[in-house]
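Peer 1: Prediction below, plus the sequence it came from.
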Amino acid sequence: MAGFAAVGRVLSLWGMVMRAGPALGAIAFGVASEFVSLRVPVLAGCALCLVAFAWALRRMEGMARVLERSS
């Protein structure tokens, strides 16, 4: 039964991140666009997404190897 409690905590954390993340991002974009134009925060967000995509691409082969390993 202890495993179910851990799953519940992880799911509640996931729910909080999924609900609060976009709201915090919108606040950050709004505050940043007050000081600079909206173009700068959008370009920074695009650059951050490209960096995250490149990082994920580099790790994809290793993740596939681990996921396809038989138990």
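Peer 2: Yes, it's here. None of the values given here were measured: they were computed from a predicted structure. Numbering: from 1, shown residues only.

Peer 1: Can you report how many residues lie near residue 10?
Peer 2: Neighbours of residue 10 under the rule other CB atoms under 10 Å: 10. Quick note: C-beta positions are derived from backbone N, CA and C, even for glycine.

Peer 1: buried set for the host helix or strand of it?
Peer 2: Assigned by DSSP states H and E, residue 10 falls within helix 2-35. Going by neighbour count (16 or more other CB atoms under 10 Å), the buried part of helix 2-35 is residue 32.

Peer 1: Tell me which other helices or strands the helix or strand just after that helix touches.
Peer 2: Moving toward the C-terminus from helix 2-35, the next helix or strand (DSSP H and E) is helix 39-68. Under the contact definition 3 or more CB pairs under 8 Å, 6 or more residues apart in numbering; DSSP states H and E, helix 39-68 sits against helix 2-35.

Peer 1: tilt between the helix it packs on and helix 39-68?
Peer 2: 160 degrees (axes from the mean of the first three to the mean of the last three CA atoms, to 10 degrees).

Peer 1: Just checking the distance from stretch 27-39 to the centre of its chain.
Peer 2: Distance of stretch 27-39 from its chain centroid, counting by CA atoms, centre = their mean, to the nearest Å, is 20 Å.

Peer 1: Rounded mean pLDDT for it, please.
Peer 2: Here stretch 27-39 scores 94 as its mean pLDDT.
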